[in-house]
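Participant: pasting a predicted model and its sequence here:
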Amino acid sequence: ENNDCSENVHTGVYLDFSYNCLVSNNTCENNGDFGIHIYQGQNDQVINNTCASPDMTYQSPTVGIYLSYSSSNEVSQNTCVHNGIGIEMDSSDGNLIIDNNCSNNDNIIVEGVNQGISISSSFDNYVFNNTCAGAAYGISVVGGSSRNQLIENNCSGNVQIGIYLYNGESSSNAICNNTC
């Protein structure tokens, strides 16, 4: 809590096989790969952090907050701007992604890379009331991701697509009351 984890070669804050941890009020700027990375975490809370990489422009597709193989976590009230991807979930299930600012994720110019929130090979996540503007895609759901709920997110003002679903294996996702 209340750490400045900036200017690291790879990651600002890294939780590995974590359970019931709180990551809050941290500044994780200009890290080479991830601001915050949770690998195989469960029941962790990531709240009110700033994960930005404005000085990494055009160098690499940094990710503000990255959940991989993680379940039942809460990611809320974070500012994840000027990355390649604001928040990314890969093979992560049952997470709450609520009230985050994932705007202006524009630090690398490659078609489809810049995203506010990316969901890949993930199930049963609840994505609610996030702002995902100023990227190529606001929110993307790919890689056979299913049963995710995208509700009341603001995905307007993106270069290509507000909400993007790809891959025929993705199914039963609820997309309701979003602004695109």
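Facilitator: Good, I have the coordinates.
Participant: ok, now which ones touch the residue nearest the centre of the chain?
Facilitator: Nearest to the mean C-alpha position of the chain, counting by CA atoms, centre = their mean, stands residue 87 at 0.8 Å. By CB atoms under 8 Å, 6 or more residues apart in numbering, the residues touching residue 87 are 63-67, 75, 78, 80, 97, 100, 102, 116-118, 130. Every C-beta, even on glycine, is put in place using the N, C-alpha and C of the backbone.
Participant: low-scoring stretches of the protein, by residue?
Facilitator: Applying pLDDT under 70 to the chain picks out residues 56-60, 107-112, 167-168.
Participant: one step back: quick check: the residue nearest to the centre of the chain vs residue 81, distance?
Facilitator: Distance, residue 87 to residue 81, by CB to CB, to the nearest Å: 11 Å.
Participant: which residues are common contacts for the two?
Facilitator: Residues within reach of residue 87 and of residue 81 at once, by CB under 8 Å, 6+ apart, are 64, 102.
Participant: next one: the residue nearest to the centre of the chain from residue 53, what distance?
Facilitator: Taking CB to CB as the measure, residue 87 and residue 53 are separated by 14 Å.
Participant: the closest residue to residue 163 other than its chain neighbours: helix or strand, and which one exactly?
Facilitator: Computed as CB to CB, 6 or more residues apart in numbering, the closest residue to residue 163 that is not its neighbour in sequence is residue 139, at 4.9 Å. Using DSSP states H and E, residue 139 maps to strand 137-142.
Participant: tell me the buried residues in the helix or strand just after that strand?
Facilitator: Later in the chain than strand 137-142, the nearest helix or strand by DSSP H and E is strand 149-151. For strand 149-151, a neighbour-count test (16 or more other CB atoms under 10 Å) marks residue 150 as buried.
Participant: now for the very next helix or strand once past strand 149-151, which elements pack on it?
Facilitator: Downstream of strand 149-151, the first helix or strand assigned by DSSP H and E is strand 161-165. The contact analysis (3 or more CB pairs under 8 Å, 6 or more residues apart in numbering; DSSP states H and E) places strand 161-165 against strand 137-142.
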